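1. Turn this into a model:
(one chain, ligands or ions: 1)
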Amino acid sequence: MKPVTVHRFAENPLLTPADVKPSWPGLEVACLLNPGVFEFDNKTWLIIRVAERPQQQQDRISFPILQEGGITIMDILKNDPHLEAKDPRVLRYKGDDYLTTLSHLRLFCSEDGIHFREPEGYPQLHGEGPLEAFGLEDCRVTKIDDVYYLTFTAVSPNGVGVGMRTTRDWKTFSTPSMIIPPHNKDCTLFTEKINGKYYALHRPSSVDLGGNYIWLAQSPDGEHWGKHQCLARTRAARWDSARVGAGAAPIKTAEGWLEIYHGANIHHQYGLGALLLDLHDPSKVLARSEDPIMMPEAPYELTGFFGQVVFTNGHVVKGDELTIYYGAADEVVCAARLSIAEILSSLKS
Ligand code: MAN
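-> Numbers count the residues shown, from 1 in each chain. Now for the predicted structure:
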């Protein structure tokens, strides 16, 4: 496969946890992750996942969870025999699973797509109700007509599902609703209806049979989803052997819908590749990257809260220029520029 040139921004990382104020007294921002991206009010906006936890003491793990009326801190001694904590992102205690950080979604905007600031007067989006008690993660934004559809991972003791909110002005939002139940994430809507139907990509996880594959769904109204089809599976012994998931909304090109997706191998190394889907019937996969387009390479991608990760779920398209915004090492927000024509041509070779 012809390699694709990836121009990482010289200013990377664009935002780090030190740039962001905690949302709650007693918490600190541990990581910034995986922004959704949209254009609004002549600016580029990021909706960033801000992951927080209390300052950590040497002998214990502390993490917040949302409960009616606010935040409760769980505090567990590291030598507690009921604690299983091998992964920095998740832990198991007395048979229940928890996240080590609590994430919410925060808006940042920029005139030049490089220097971002938190504007005044826009709300933070926090988990609401029992299906969002462990927070909101990895929001995709798709604009259809004048409505922005936010699809994100809603995490709770009930599992990991796809939540949705919609907005027109980024100040008022529809009531949260879970559009696809657990276990499912990495959901993005297509930017327009196809044959009169809304389309979305999503990623169920099947534990005993099947795996972490990218699926396609249709909807009459953008909220109720059905006619599910499996589009792309993991590929044994490759860069995307363990799990695959959609990134941001597919990009409409003359050759088909171009989707930048993430793939992880068994070593939890996350890279990016592309899928090309038929314009009129996106259940037809026309091409798929043999090799990754982008793998963790830069120091800020190799080490961090969870190293060896490049993960994108937001971009800006200007002609042939694709600017992806991405989470690096699950800790900082970065950007890179790629050519759409080059990606399409890599899919042919
Ligand atoms: C999962 C999600 C992402 C995260 C990657 C890498 O896919 O939790 O948010 O970036 O893992 O840790």
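
2. Can you give me the neighbour number for the residue in the stretch 101-250 of the chain that the ligand sits nearest to?
-> For the stretch 101-250 of the chain, the nearest residue to the ligand under the criterion Cβ to the nearest ligand atom is residue 138, separated by 4.8 Å. C-beta: built from backbone N, CA, C; applies to glycine. Other residues lying near residue 138 total 25 when counted by other Cβ atoms under 10 Å.

3. What ranges does the stretch 151-300 of the chain have for its strands?
-> For the stretch 151-300 of the chain, the strands defined by DSSP state E, counting those that start in this stretch occupy 159-167, 177-180, 184-189, 198-204, 214-219, 226-232, 243-246, 251-253, 256-264, 270-277, 285-288.

4. who does the fourth one touch, helix- and strand-wise?
-> Counting contacts by 3 or more Cβ pairs under 8 Å, 6 or more residues apart in numbering; DSSP states H and E, strand 198-204 packs against strand 184-189, strand 214-219, strand 243-246.

5. Deepest-packed of the ones you listed, please.
-> strand 184-189 (a mean of 26; mean count of other Cβ atoms under 10 Å).

6. Can you list the strands that that one pairs with?
-> strand 198-204 (antiparallel) (DSSP bridges).

7. And the ligand, is the partner strand touching that?
-> No - contact of strand 198-204 with the ligand (Cβ under 6 Å from any ligand atom) is absent, the minimum separation being 8.9 Å.

8. centre of the chain versus that strand, how much separation?
-> Mean C-alpha position of strand 198-204 versus that of the full chain (Cα atoms, centre = their mean, to the nearest Å) differs by 13 Å.

9. Please list the residues of the stretch 101-250 of the chain that sit near the ligand.
-> The stretch 101-250 of the chain has residues 137, 138 near the ligand, with proximity defined as Cβ under 6 Å from any ligand atom.

10. burial measure for the residue nearest to the residue of the stretch 101-250 of the chain closest to the ligand when sequence neighbours are not counted, as a count.
-> Nearest non-adjacent residue to residue 138, counting by Cβ to Cβ, 6 or more residues apart in numbering: residue 34, 4.5 Å away. By other Cβ under 10 Å, 29 other residues sit near residue 34.

11. Spell out which helix or strand contains residue 34, please.
-> Take DSSP states H and E as the rule and residue 34 turns out to sit in strand 28-40.

12. Quick check: buried residues in the next helix or strand after that strand?
-> With elements assigned by DSSP H and E, the helix or strand that comes after strand 28-40 is strand 43-53. Across strand 43-53, burial judged by 16 or more other Cβ atoms under 10 Å covers 44, 45, 46, 47, 48, 49, 50, 51, 52, 53.

13. and which of the residues you listed is nearest to residue 343?
-> Nearest to residue 343 out of those is residue 44 (Cβ to Cβ; 20.6 Å).

14. That closest one reaches residue 316, doesn't it?
-> Yes - checked against Cβ atoms under 8 Å, the pair residue 44 and residue 316 is within contact range at 5.9 Å.

15. what residues are shared contacts of the two?
-> Residues touching both residue 44 and residue 316 (Cβ atoms under 8 Å, 6 or more residues apart in numbering): 37, 113.

16. one step back: redo the helices and strands packed on strand 198-204 as a markdown table? Include mean pLDDT and distance to residue 170.
-> Below are these laid out as a markdown table (pLDDT from 0 to 100; distance: least, Cβ to Cβ, whole Å):
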| stretch | mean pLDDT | distance to residue 170 |
| --- | --- | --- |
| strand 184-189 | 98 | 17 |
| strand 214-219 | 98 | 23 |
| strand 243-246 | 98 | 23 |
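
17. Generate CSV for the ones you listed, with distance to residue 125 as supplementary columns.
-> Output for those, formatted as CSV (distance: least, Cβ to Cβ, whole Å):
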stretch, distance to residue 125
strand 184-189, 16
strand 214-219, 22
strand 243-246, 21
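
18. nearest to residue 145, of those strands?
-> Across the helices and strands packed on strand 198-204, residue 145 has its closest neighbour in strand 184-189 (12.1 Å, Cβ to Cβ).

19. any residues touching that closest one, and which ones?
-> 137-138, 140, 142, 144, 149, 151, 153, 160-162, 179-180, 198-205, 214, 222, 245-250, 262, 313.

20. Which members of those residues are classed as buried?
-> Buried among the contacts of strand 184-189 by 16+ other Cβ under 10 Å: 137-138, 140, 142, 144, 149, 151, 153, 160-162, 179-180, 198-205, 214, 222, 245-250, 262, 313.

21. returning to what we had before: what's the closest of the buried residues of strand 43-53 to the ligand?
-> residue 49 (7.1 Å).

22. tally of neighbours for the spatially closest residue to the closest one that is not a sequence neighbour?
-> Leaving aside its chain neighbours, residue 49 sits nearest to residue 33 (4.3 Å; criterion: Cβ to Cβ, 6+ apart). Residues within reach of residue 33, counting by other Cβ under 10 Å, total 27.

23. my read: residue 33 touches residue 329, true?
-> No - taking contacts as Cβ under 8 Å, residue 33 lies outside contact range of residue 329: 9.6 Å.

24. Give the helix, strand or coil label for the residue of the stretch 101-250 of the chain closest to the ligand.
-> strand (DSSP: H, G, I helix; E, B strand; the rest coil).

25. so who does it touch?
-> 33, 34, 36, 49, 152, 153, 185, 186, 311, 313.
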